[in-house]
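J.: Structure, please.
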Amino acid sequence: MEHLKLIKPSIEYKEAGIDYVNEHYVYNSPINGCGGLNRYLNDYEGWLKKIENDISNPDPGRVHSLSYYLVRESDNKIVGMVNIRLELNERLLRCGGNIGYGIRPSERRKGYNKINLYLALEICQNYGLEEILLDCNANNIGSKKSMEALGGILVSDYIDREEGHCLKYKINVSKSLKEYYNLYNQEESLKKER
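T.: Predicted coordinates for the structure are as follows:
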């Protein structure tokens, strides 16, 4: 299994981050969990300032959030992104939840998003979140399977004006991290493979 880690975006990842977003356009694929990077392709430095501001002083109507790259250690490639909202406003309670995530189109169906979500749950726990909400388009089978693989419980099947048919899940953070530790903790998995 490839070893993956979440890292905070930095100037060193400028070209790789832009390439990550651009691959979605090449594949005509939705971009999820990128913390708005798709709106800053011509101002990566501005995006770095924006996500730093998102942590401590979000814009009005926004919530405190963290953005990370999911990086494969073997080649330092960004294979995914995750955006973690530390609180929910009315809009995010209705649609969006605490975590938005995604995997680049060429790296899908390798189990990376389960690791992406597991690592995001570790961060949620570090910030004291006990239960989180996530949702996905009902047609997004990969996202649905990732949530269910980490103990996600379906709480709502709904229609959103902008997103269409969606599914909302909740995950008990501590329970999921404990229950799926052996499945998703990479250090333990690597030791077992040796």
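J.: Do you have the strands of this structure handy? List them.
T.: 4-7, 65-72, 77-85, 99-103, 131-137, 153-160, 164-172 (DSSP state E).
J.: possible to save these as CSV with mean neighbour count and mean pLDDT?
T.: Any C-beta I mention is one placed from the backbone N, CA and C, and that applies to glycine too. Listed next are the strands of the chain as CSV, based on neighbours: other CB atoms under 10 Å; pLDDT from 0 to 100:
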stretch, mean neighbour count, mean pLDDT
strand 4-7, 16, 96
strand 65-72, 22, 98
strand 77-85, 23, 98
strand 99-103, 25, 97
strand 131-137, 21, 96
strand 153-160, 12, 94
strand 164-172, 18, 96
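J.: So what's the gap between the longest helix seen in the chain and the chain middle?
T.: Secondary structure of the chain per DSSP state H: the longest helix is helix 112-126. Offset of helix 112-126 from its chain centre (CA atoms, centre = their mean, to the nearest Å): 8 Å.
J.: what does stretch 29-48 give?
T.: How far stretch 29-48 lies from its chain's middle: 14 Å, per CA atoms, centre = their mean.
J.: burial count for Ser74?
T.: 9 (other CB atoms under 10 Å).
J.: Could you pull up the residues touching it?
T.: For Ser74, the contacting residues are Glu2, His3, by CB atoms under 8 Å, 6 or more residues apart in numbering.
J.: His3 versus that one, what's the distance?
T.: Distance, Ser74 to His3, using CB to CB, to the nearest Å: 7 Å.
J.: How about Tyr69?
T.: For Tyr69, the distance to His3 - CB to CB - is 14 Å.
J.: Phi, psi for the residue nearest to Gly61 when sequence neighbours are not counted please.
T.: Nearest-residue entry for Gly61: Asn89, 7.2 Å, with adjacent residues in sequence omitted and distances by CB to CB, 6 or more residues apart in numbering. For Asn89, the backbone dihedrals (degrees, to the nearest 10) come out as phi -100, psi -180.
J.: Tell me the pLDDT of Asn89.
T.: pLDDT recorded at Asn89 is 94.
J.: Can you name the residues that contact Ser110?
T.: If you look again at residue 110, you'll see it is Lys, not Ser. Glu2.
J.: In this structure, where is pLDDT below threshold?
T.: 1, 183-194 (pLDDT under 70).
J.: try 80
T.: Low-confidence segments of the chain (pLDDT under 80): 1, 182-194.
J.: picking up where we left off before, show me which positions of the longest helix of the chain end up buried.
T.: Of the residues in helix 112-126, Tyr112, Asn113, Lys114, Ile115, Asn116, Leu117, Tyr118, Leu119, Ala120, Leu121, Ile123, Cys124 count as buried by neighbour count, 16 or more other CB atoms under 10 Å.
J.: Surely the first one and Arg104 touch.
T.: If I follow you right, that is Tyr112. No. Look at Tyr112 against Arg104 with CB atoms under 8 Å: they stay out of range, at 9.1 Å.
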